[in-house]
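Colleague: Everything below, folded, please.
(chains A and B)
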Protein chains: 2
Amino acid sequence: MTENNKLLMKAYADKVDEQLLKFTENKPELQGVVLEAMEYSLTAGGKRLRPMLMLEFYRMCGGEDLDKMLKLACSVELIHTYSLIHDDLPCMDDDDYRRGKPSCHKAFPENIALLAGDALNTLAFEVISECAMEGTISADKAVMLISVLSKAIGTDGMIGGQVIDLQTENEEISIETLNTLQSCKTGALIEAACVMGVIAAGRLDLIPAAADYAQAMGRAFQIVDDILDVTGTFEELGKPIGSDSEQHKNTYVSLLGLERSKQVASQLTVQALAHIKKFDNSEFMYELTQELLDRRS
Amino acid sequence: MTENNKLLMKAYADKVDEQLLKFTENKPELQGVVLEAMEYSLTAGGKRLRPMLMLEFYRMCGGEDLDKMLKLACSVELIHTYSLIHDDLPCMDDDDYRRGKPSCHKAFPENIALLAGDALNTLAFEVISECAMEGTISADKAVMLISVLSKAIGTDGMIGGQVIDLQTENEEISIETLNTLQSCKTGALIEAACVMGVIAAGRLDLIPAAADYAQAMGRAFQIVDDILDVTGTFEELGKPIGSDSEQHKNTYVSLLGLERSKQVASQLTVQALAHIKKFDNSEFMYELTQELLDRRS
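Modeller: All right, here's what the predicted structure looks like:
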């Protein structure tokens, strides 16, 4: 990645971080702790990939008002953060660490973590409706955005993927089932982020291209995650190595082996890169995609 | 309540029940269990008060298409059901029963119950966006509805109330704090239901009257709940008597005593009835309000 693009990536993440802080700025005395828990998880770091995808697709579709779209783009990160908090809960993956820090229910009481996740889920939709009421986007676009986002994280999307994951925990599944699982669990929200950028820019004709890109990139991203889980180090990943596989999770590496997983990730990367070229001004997204799928952590 | 109005109440509840079943009709093989859990809790009974409020306020504001608004009205019941599922979880109130049936996490694994609640939260917003995309309501109205609903159940509303409840569990609080707690925890969603009916009918001028009614009725409803919790029987309530107070919860009865609680409930009932008279065709709502605040279970 060029130095310029590295700076651009950093600038995106910084702006997203800044905007995220605003959502929990006001902490009422009696219930402030839940806003602290939300803020704790929102500021726990991360690449801010999803808002960045939304903003870049908006820009590649001719959108010119990136700063105004920042709040809207953060709705996807609110959802992502809610899903991480609930995923880490004792009754789910029971993970004590997230990005090298104690997970939300370790830093706060478990019930506060549960409610912080719930509040972030709802807040995403509040934020989109606010963007329409403030005039940042039209009501028609807001309705489409809410439709896309809610479907992506419902029982046919993210929640569905989490359920499939739980239901197949102790059995070896087929690669087709793993594809369905991952396409729901992580792919759907990544696709929503890309498609939402396209909708915000009003280029509905480009929704299929964005969806195709997202599906290829999302799957490659997950395979790379699985590969890193067996090859990475604690420092790089922020969680114990192999923590997923110890819980008998089905991963691309456990089903396909390490070498084949790397091959499939490469093929999907080539596909994703081909899809991104359908967009104008796609140089940054091209490099970002290469960077994401060649990452070490 | 007149026999006619009793039939009308039953007809509302039946229509709501029928519509609710449609949301979980399609159960994909791999993740069907989460839809079963959602359906289990959605069909666990209840008065369907919130959708009924929304539909009646819509009607009292001149709305003429009640059947078309049914799906929209159910969005509030989806939220109510999500809140009950999460409220009952072990890390929250740890309630094994709900309306005389095992609670969701007793009938299903705890993680499935958690995800069923999450999915119902999101589904409410999907349903409202769908109503706009199908043309039942305008996009402008959908955005307002989503704004009202999301605020009502966020950290300044329902979630905020739950947090205050948890934070003050083992200390005696002031009546002002209990009022804030209840106005957030249960009042906000009841208010949202009433206001959403007004918005759907396009009578924005009547929002304050609907909100005033809801605040008085919601608080009276909660006081009656607290009274019934110490005077009711297991058969009538569907949960062990005194189950709330045993957990050192602050209730109107524990702070004000039984007699004073009954007086305050009566005063609030008078206020609620006065507010409802500001609406046309309010006979049913008048009787419903009397019925609700004079109930035995």
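
Colleague: Can you name the element that comes right after the worst-scoring helix or strand of chain A on mean pLDDT?
Modeller: Here the helix or strand of chain A ranked lowest by mean pLDDT, DSSP states H and E is helix A:243-246, holding a mean of 52. Downstream of helix A:243-246, the next assigned helix or strand under DSSP states H and E is helix A:252-256.

Colleague: so where does residue A:279 fall, helix or strand?
Modeller: Per DSSP H and E: nothing holds residue A:279, as it lies in no helix or strand.

Colleague: how about the helices of the stretch 151-297 of chain A, start to end?
Modeller: A:158-167, A:175-182, A:188-200, A:207-231, A:234-237, A:243-246, A:252-256, A:258-276, A:283-292 (DSSP state H, counting those that start in this stretch).

Colleague: Can you add distance to chain B and give those back as JSON lines?
Modeller: In this view, the C-beta of every residue, glycine as well, is placed from N, C-alpha and C. Shown next, in JSON lines, are these (distance: least, C-beta to the nearest C-beta, whole Å):
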{"stretch": "helix A:158-167", "distance to chain B": "4"}
{"stretch": "helix A:175-182", "distance to chain B": "7"}
{"stretch": "helix A:188-200", "distance to chain B": "12"}
{"stretch": "helix A:207-231", "distance to chain B": "14"}
{"stretch": "helix A:234-237", "distance to chain B": "24"}
{"stretch": "helix A:243-246", "distance to chain B": "16"}
{"stretch": "helix A:252-256", "distance to chain B": "16"}
{"stretch": "helix A:258-276", "distance to chain B": "21"}
{"stretch": "helix A:283-292", "distance to chain B": "26"}
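
Colleague: So for residue A:166, what's the nearest residue that isn't a sequence neighbour?
Modeller: The shortest distance from residue A:166 to any non-neighbouring residue, by C-beta to C-beta, 6 or more residues apart in numbering or on different chains, is to residue B:111 (5.6 Å).

Colleague: Could you double-check that the one you found sits in contact with residue A:90?
Modeller: No. With contact defined as C-beta atoms under 8 Å, residue B:111 does not count as touching residue A:90 (9.4 Å).

Colleague: Comparing those two, which residue is more hemmed in?
Modeller: residue B:111 (22 against 17; other C-beta atoms under 10 Å in any protein chain shown).

Colleague: Now do the more buried one, the pLDDT please.
Modeller: Residue B:111 carries a pLDDT value of 98.

Colleague: now for the helix or strand harbouring it, which elements pack on it?
Modeller: Element membership for residue B:111, per DSSP H and E: helix B:110-133. Judged by 3 or more C-beta pairs under 8 Å, 6 or more residues apart in numbering or on different chains; DSSP states H and E, helix B:110-133 is in contact with helix A:66-88, helix A:110-133, helix A:139-152, helix A:158-167, helix B:32-42, helix B:66-88, helix B:104-107, helix B:139-152.

Colleague: Recalculate using a threshold of 7 Å.
Modeller: For helix B:110-133, the packing partners by 3 or more C-beta pairs under 7 Å, 6 or more residues apart in numbering or on different chains; DSSP states H and E come out as helix A:110-133, helix A:139-152, helix A:158-167, helix B:32-42, helix B:66-88, helix B:104-107, helix B:139-152.

Colleague: any chance of these in JSON lines, plus distance to residue B:127?
Modeller: Converted to JSON lines, the helices and strands packed on helix B:110-133 look like this (distance: least, C-beta to C-beta, whole Å):
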{"stretch": "helix A:110-133", "distance to residue B:127": "12"}
{"stretch": "helix A:139-152", "distance to residue B:127": "9"}
{"stretch": "helix A:158-167", "distance to residue B:127": "15"}
{"stretch": "helix B:32-42", "distance to residue B:127": "13"}
{"stretch": "helix B:66-88", "distance to residue B:127": "5"}
{"stretch": "helix B:104-107", "distance to residue B:127": "20"}
{"stretch": "helix B:139-152", "distance to residue B:127": "10"}
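
Colleague: And those helices: which comes nearest residue B:3?
Modeller: Closest to residue B:3 of these is helix B:66-88 (C-beta to C-beta; 20.6 Å).

Colleague: The next helix or strand after the closest one pairs with which strands, parallel or anti?
Modeller: Note on helix B:66-88: by DSSP H and E, the next helix or strand toward the C-terminus is strand B:97-98. Using DSSP bridges, strand B:97-98 pairs in its sheet with strand B:101-102 (antiparallel).

Colleague: pLDDT below threshold where in chain A?
Modeller: A:233-248, A:297 (pLDDT under 70).

Colleague: is it true that residue A:110 touches residue B:89?
Modeller: No. Counting by C-beta atoms under 7 Å, residue A:110 sits too far from residue B:89 to count as a contact (9.2 Å).

Colleague: Neighbour count: the two, which is higher?
Modeller: Between residue A:110 and residue B:89, counting by other C-beta under 10 Å, residue B:89 is the more crowded of the two (22 against 17).

Colleague: Show the contacting residues for the closest residue to the more buried one other than its chain neighbours.
Modeller: Leaving out its chain neighbours, the residue that sits closest to residue B:89 by C-beta to C-beta, 6+ apart is residue B:105, at 5.7 Å. By C-beta atoms under 7 Å, 6 or more residues apart in numbering or on different chains, the contact set of residue B:105 is B:88-90, B:113.

Colleague: again, but for residue A:273
Modeller: A:286, A:289.

Colleague: Against residue A:1, how distant is it?
Modeller: For residue A:273, the distance to residue A:1 (C-beta to C-beta, to the nearest Å) stands at 14 Å.

Colleague: likewise residue A:22?
Modeller: 29 Å.

Colleague: and the two? which has more neighbours close in?
Modeller: Comparing residue A:22 with residue A:1 by other C-beta under 10 Å, the one with more neighbours is residue A:1, at 14 against 11.

Colleague: Isn't the more buried one up against residue A:291?
Modeller: Yes. Counting by C-beta under 7 Å, residue A:291 is a contact partner of residue A:1 at 4.9 Å.

Colleague: Quick check: residue A:38 touching residue A:117?
Modeller: No. Under the criterion of C-beta under 7 Å, residue A:38 makes no contact with residue A:117, lying 8.6 Å away.

Colleague: Please work out which of the helices of the stretch 151-297 of chain A is packed deepest.
Modeller: helix A:188-200 (a mean of 27; mean count of other C-beta atoms under 10 Å in any protein chain shown).

Colleague: Show me what that helix is packed against.
Modeller: Applying 3+ C-beta pairs under 7 Å, 6+ apart, one finds that helix A:188-200 contacts helix A:49-60, helix A:66-88, helix A:139-152, helix A:207-231.

Colleague: Help me confirm that residue A:132 comes into contact with residue A:140.
Modeller: No. The criterion here is C-beta under 7 Å, and residue A:132 misses it with residue A:140 at 8.8 Å.

Colleague: what about those two, which has more around it?
Modeller: residue A:132 (25 against 18).
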